[in-house]
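> quick one, structure for this:
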Amino acid sequence: MSVETSPPTQPSFNELVLAHLTGERCSGAIKSVQTYMTSFTGRHFEQLADADPFAITANDIVAVSALSVEIPPSVAVQILGPARQRISELLRRIPAGASITDGDELLSEDGAAWLLYYLLRSFTGLGPTKVSKLMAAKRPSLIPIRDSVVADALGSPESWWSEWSNFMSGPGANERLGLVRSVATEAGALHLSHLRVLDIVIWMHHSTTP
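Predicted coordinates:
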């Protein structure tokens, strides 16, 4: 007689993320940030991004290249030219210091962040990864970067922003990430948002990049 067995339960998004910050992985997370901030070109991302919170500029386009993506020249022309005013209008509707923990209204599907996302996605050659990196350059505490390594590690849920918001708003998330960032301060991590710290930790753990 065969015995029916239930399929293994898949870890939730929160469980997958939290696993990178607990137990022995916590010290590994600190080392990952330290290594990234001393050895990878992505460490220049925040410093290259333009300080103007209400415009995507040539500096921001250069900044995302530090994260190993290139904005097609034809798209750069659109962003810096015909679409510049509309992009600025949408960015002005998103508080400059906005955090993913500030509330769901900032990330509502009819809100300015989603409208900006859809606008950028409308340009040929801008997929979710490039768009997330451009938006993270403008709102580093609000928009989580989505690349193939991190998405694969976390199951790539359709409700990407909502899942991140739920985790970051949960108990202990910011405290753990604040600890990782503070210990890695000597490596130059103090300016990083908590979202960016977590992105680095997960990417470093799963990336095959030497």
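> sketch out the strands for this protein, chain order is fine.
Using DSSP state E, no strands are found in the chain.
> where does it dip in pLDDT?
Scanning the chain for pLDDT under 70 picks out 1-8, 210.
> which residues in it form helices?
Ranges of helices in the chain, per DSSP state H, are 13-18, 24-39, 45-48, 58-65, 73-80, 84-92, 112-121, 128-138, 148-153, 160-168, 173-183, 194-206.
> and the contacts of the fourth one?
Right, the one you point to is helix 58-65. Contacts with helix 58-65, where a contact means C-beta atoms under 8 Å, 6 or more residues apart in numbering, come from 44-46, 48-50, 70-71, 76, 79-80, 130, 133-134, 137-138. For every residue, glycine as well, the C-beta is placed using N, CA and C.
> buried stuff in that helix?
60, 61, 62, 63, 64 (16 or more other C-beta atoms under 10 Å).
> the third one too?
Buried residues in helix 45-48, counted by 16+ other C-beta under 10 Å: 45, 46, 48.
> rewinding a little: buried subset of the contacts of helix 58-65 as a ChimeraX selection?
In ChimeraX syntax, the buried subset of these is picked out as below (16+ other C-beta under 10 Å):
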select :45,46,48,49,50,71,76,79,80,130,133,134,137,138
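> ok, so of the buried residues of helix 58-65, who is nearest residue 14?
Nearest to residue 14 among the buried residues of helix 58-65 is residue 64, at 28.0 Å by C-beta to C-beta.
> gap between that closest one and residue 166?
26 Å (C-beta to C-beta, to the nearest Å).
> and the gap between residue 80 and residue 50?
Distance from residue 80 to residue 50, by C-beta to C-beta: 11 Å.
> next: residue 104.
According to C-beta to C-beta, residue 104 and residue 50 sit 28 Å apart.
> what's the answer for residue 64, then?
From residue 64 to residue 50 the distance is 11 Å (C-beta to C-beta).
> any common contacting residues for the two?
With C-beta under 8 Å, 6+ apart, residue 64 and residue 50 have common neighbours residue 137.
> from residue 120, how far out is residue 61?
As judged by C-beta to C-beta, residue 61 and residue 120 stand 12 Å apart.
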